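>>> next comes the sequence, and after it the predicted model I'd like to discuss.
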Amino acid sequence: MRRLVTETTPPRKQHMEHRKVRGNGIDIHVAIQGPSDGPVVLLLHGFPTLWYSWRHQIPGLAALGYRAVAPDLRGYGDSDAPPEVSSYTCFHIVGDLIAVISALTEDKVFVVGHDWGALIAWYLCLFRPDKVKALVNLSVPFSFGPKDPNVKPLDGLRKFYGDDFYMCRFQEVGEIEAEISEVGVERVVRRVLTYRSPRPLILPKDKSFWGPKDETIPLPSWLTEEDVAYYVSKFQEKGYTGPVNFYRNFDRNNELLGPWVGCKIQVPTKFVIGDQDLVYHFPGAKEYIQGPKFKEDVPLLEEPVIMEGVAHFINQEKPQEILQIIVDFISKF
Amino acid sequence: MTSEVREKKIKTNGICLNVAEKGDDGRPLVLLLHGFPETWFSWRHQIDFLSSHGYHVVAPDLRGYADSDSPPNHESYTVSHLVADVIGLLDHYGTAQAFVAGHDWGAIIGWTLCLFRPDRVRGFVSLSVPYSPRDPNLKPSDLFKSFGDGLYITQFQEPGRAEAAFAKYDCSTVMKKFLLTTRSDFWVAPPDTEIIDDLEVPSTLPDWITEEEIQVYADKFQKSGFTGALNYYRAMDLNWEILAPWQGYKIVVPTKFIAGDKDIGNEGANGTIKYAKGEMFKSVVPNLEVVVIEDGHHFIQQEKSERVSEEILSFFNKLRTTE
């Protein structure tokens, strides 16, 4: 049965609840909306956004009887940000989410992930398939899953893209944080959210990526000044160290994911990506998404959806379409 | 008795493990995981028994031990590394699902394998160490503090400390202090005393082990040292962090727990056996059998070899018939 999705009023005017869940040694901020007995839909944001990136899907899901739950991941927004880099492995983050799920329900949950949230969702499905009813993942396919634990993924990225590839620039503790401080959070937020180039994200050390300080960056129709102001205020308050620490654990994650090399995802999955998403243009990504390997690794994968003309921040750029895809899929279970 | 045991080196998870093997290739695979401070040799009786009863038995020297590789840093000894080593062995043998038995640290690896990859385990026998729910608010090193500096685990934390304490004795004596212990407390040494100094060597050997057999262990540790083995303890806090996603998880793999009633940690109201027979253990391992062996101590698969062999065999055989 297809559930129709209609335009909803802006998120701030809904009865959204903001709560802190204590779990895994930290306080995790969650935005929740929907009936308390509704099936839980856990919405996982990516880098560098917040729970807020799901603002268009949360009320829509709630209106259809789901309980939409969108945390700020560890290190972000109103959630705690432990200081050590070593506190940001995928085990820490999945541990946080298990605590959030357990605080809300004993049942399996639906999971929707974007960017880092999608990668974390893959790990959640590997570690605790007993907790996930179905998965909708955006942007990041499972090709980013566990590989040979004795090969460092960053070495490959550095070799392929050079030292100025954004993931490489994020490694040195304090370096990108200082650059963002200098450029200013407002400019960084605007530049990142409006980035539409499918080319690899290279950040030359001369800071030219951010553009001239006096040049305003116009917003697309799907992003308001209010939206930008929300992100800016939260990232000014919290900084970027927590979020960037996720990247600083790339190699360590891979080393610790040894037990899951070759392990398939056994959760029904829907995958969506924009054809202008820079992730779609990573070497091998298109072939993986469109070829047989994705379905081999994720046997319960539905045909991947590739959205024409859409870039990385897909759940903000095409909010109603993404909401419809989520609802159409999870209503089957 | 162990003359038909084949030993070979297998590449797994980026290291080389020395593996003892007996029994036909085509038979169901049993993986035996030793504890501290031992080697595959601790399973010598079970290797013979299980292989002569229709199983292909594989018993590695674990990472850090004997003739297997020993990476230098304790951060390479997390349960993630250890479980990946084991999965690599299963992959090497082309085994989709194995029967697994583990003792002491080998039991911890087995439990974690049941958490991480229950799809790879047909049945699991744990010797000595039960599965306890993780305390989300208390990491291991904080729990150990409550036992004071005398607790062996605390003394094993500081790199070099236990190694220096052990070095006061020849390896054969070190082995006797461990293997022959009849202590049932939690192994807490008196103030200003190293545990190795506190463990006593009995004046005569019990009937279940010979000088020659003790020398087998001594020779291996003489060559490798104890750091690899001690690194397991040094990774306990890391393990606790890694295990956060399994908070509240119930083990679904069919499991049998076997321990001697005089094993370490059985003294007092909060003893291991009491826990093993109790409701909390059953609630986290619903598919569980518990066997307590009277008058058994810690190194149970050597001390009560026939009983342990039979208990393992009957359990695995039963699982094969109930498919």
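Sure thing, it's come through. Numbering: from 1, shown residues only, chains lettered A, B, ... in the order given.

>>> mind listing what the residue positioned nearest the centre of chain A touches?
Centroid check for chain A by Cα atoms, centre = their mean gives residue A:46 as the closest residue, at 2.4 Å. The contact partners of residue A:46, by Cβ atoms under 8 Å, 6 or more residues apart in numbering or on different chains, come to A:53, A:113-118, A:139-140. C-beta coordinates here come from the backbone N, C-alpha and C atoms, glycine included.

>>> recalculate using a threshold of 6 Å.
Residue A:46 is in contact with A:114-117, counting by Cβ atoms under 6 Å, 6 or more residues apart in numbering or on different chains.

>>> burial count for residue A:65?
Using other Cβ atoms under 10 Å in any protein chain shown, residue A:65 has 12 other residues around it.

>>> got the phi and psi for the residue of the stretch 201-333 of chain A at minimum distance from chain B?
Residue nearest to chain B within the stretch 201-333 of chain A: residue A:258 (2.8 Å; Cβ to the nearest Cβ). Main-chain dihedrals, residue A:258, degrees, to the nearest 10: phi -50, psi -40.

>>> any residues of chain A in contact with chain B? List them.
With Cβ under 6 Å from any Cβ of the partner chain as the criterion, chain A comes near chain B at residues A:24, A:91, A:94-95, A:98, A:102, A:127-128, A:150, A:256, A:258-259.

>>> hmm, which of the residues you listed are the buried ones?
Those of these that meet the buried threshold are A:24, A:91, A:94-95, A:98, A:127-128, A:256, A:258-259, by 16 or more other Cβ atoms under 10 Å in any protein chain shown.

>>> residues touching the residue nearest to residue B:52 when sequence neighbours are not counted, list them.
The spatially closest residue to residue B:52, leaving aside those adjacent along the chain, is residue B:23, at 7.9 Å (Cβ to Cβ, 6 or more residues apart in numbering or on different chains). Contacts for residue B:23 (Cβ under 6 Å, 6+ apart) come out as B:51, B:55-57.

>>> do you know how far whichever residue of the stretch 51-200 of chain B sits closest to chain A is from residue B:15?
Using Cβ to the nearest Cβ, the single residue of the stretch 51-200 of chain B nearest to chain A is residue B:84, 2.8 Å away. According to Cβ to Cβ, to the nearest Å, residue B:84 and residue B:15 sit 10 Å apart.

>>> quick one: buried residues of the longest helix seen in chain B?
The residue-count maximum for a helix in chain B (DSSP state H) belongs to helix B:305-321. Neighbour-count burial for helix B:305-321 flags B:305, B:307-309, B:311-313, B:315-317, B:319 (criterion: 16+ other Cβ under 10 Å).

>>> dump the residues you listed into a markdown table; add distance to residue A:275 and pLDDT as well.
Shown next, in a markdown table, are the buried residues of helix B:305-321 (distance: Cβ to Cβ, whole Å; pLDDT from 0 to 100):
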| residue | distance to residue A:275 | pLDDT |
| --- | --- | --- |
| B:305 | 65 | 98 |
| B:307 | 65 | 98 |
| B:308 | 61 | 98 |
| B:309 | 61 | 98 |
| B:311 | 60 | 98 |
| B:312 | 56 | 98 |
| B:313 | 59 | 98 |
| B:315 | 55 | 98 |
| B:316 | 53 | 98 |
| B:317 | 56 | 98 |
| B:319 | 50 | 97 |
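
>>> and of those residues, the nearest to chain A?
Sorting the buried residues of helix B:305-321 by distance to chain A puts residue B:319 at the head of the list, at 21.1 Å, by Cβ to the nearest Cβ.

>>> contacts only, for the residue lying closest to that closest one once chain neighbours are set aside.
Distances taken as Cβ to Cβ, 6+ apart place residue B:123 nearest to residue B:319, at 4.4 Å, with adjacent residues excluded. Listed by Cβ under 6 Å, 6+ apart, the contact partners of residue B:123 are B:99, B:254, B:316, B:319.

>>> can you spell out which helices and strands pack onto the longest helix of chain B?
Using 3 or more Cβ pairs under 6 Å, 6 or more residues apart in numbering or on different chains; DSSP states H and E as the contact definition, the elements that helix B:305-321 packs against are helix B:44-51, strand B:121-127.

>>> can you say which of these is packed in most?
Burial of the helices and strands packed on helix B:305-321 is given as mean neighbour count (mean count of other Cβ atoms under 10 Å in any protein chain shown); strand B:121-127 ranks first at a mean of 26.

>>> average pLDDT for that one?
The pLDDT scores in strand B:121-127 average 98.

>>> same check, this time on stretch B:169-185
Rounded to a whole number, the mean pLDDT of stretch B:169-185 is 95.

>>> who's in contact with that stretch?
Against stretch B:169-185 from outside (Cβ under 6 Å, 6+ apart): B:37, B:166, B:199, B:201-202, B:214, B:217-218, B:221-222, B:262, B:266-267, B:297, B:299.

>>> out of the residues you listed, who's nearest chain A?
Closest approach between these and chain A, by Cβ to the nearest Cβ: residue B:37, at 24.3 Å.

>>> near residue 68, how many other residues are there?
Picked chain A for this. By other Cβ under 10 Å, the residues close to residue A:68 number 27.

>>> could you do chain B instead?
Counted with other Cβ under 10 Å, residues neighbouring residue B:68 total 23.

>>> who wins for proximity to residue A:281 among the helices and strands packed on helix B:305-321?
Nearest to residue A:281 among these is strand B:121-127 (40.4 Å), distances taken as Cβ to Cβ.

>>> got the CA coordinates for that closest one in PDB?
C-alpha atoms of strand B:121-127 as PDB (Å, rounded to 0.1, in the frame of the first residue of the first chain):
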ATOM      1  CA  VAL B 121      29.900 -21.100  14.800                       C
ATOM      2  CA  ARG B 122      27.800 -24.200  15.000                       C
ATOM      3  CA  GLY B 123      28.300 -24.700  18.700                       C
ATOM      4  CA  PHE B 124      30.600 -23.400  21.400                       C
ATOM      5  CA  VAL B 125      32.100 -25.000  24.500                       C
ATOM      6  CA  SER B 126      33.600 -22.600  27.000                       C
ATOM      7  CA  LEU B 127      35.900 -23.800  29.700                       C
END
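
>>> returning to that earlier point: quick check: the two most widely separated of the contacts of residue B:23?
Using Cβ to Cβ, the two most remote members of the contacts of residue B:23 are B:51 and B:56, lying 7.2 Å apart.

>>> show me what from the stretch 151-300 of chain B comes close to chain A.
Counting by Cβ under 6 Å from any Cβ, the residues of the stretch 151-300 of chain B close to chain A are B:242, B:244-245, B:247-248.

>>> find the nearest non-adjacent residue to residue 109, please.
No chain specified, so I'll use chain A. Of all residues not flanking residue A:109 in the chain, residue A:40 sits nearest, at 4.2 Å (Cβ to Cβ, 6+ apart).

>>> to clarify, I was referring to chain B.
Using Cβ to Cβ, 6+ apart and skipping residues adjacent in sequence, the residue nearest residue B:109 is residue B:82, 4.8 Å away.
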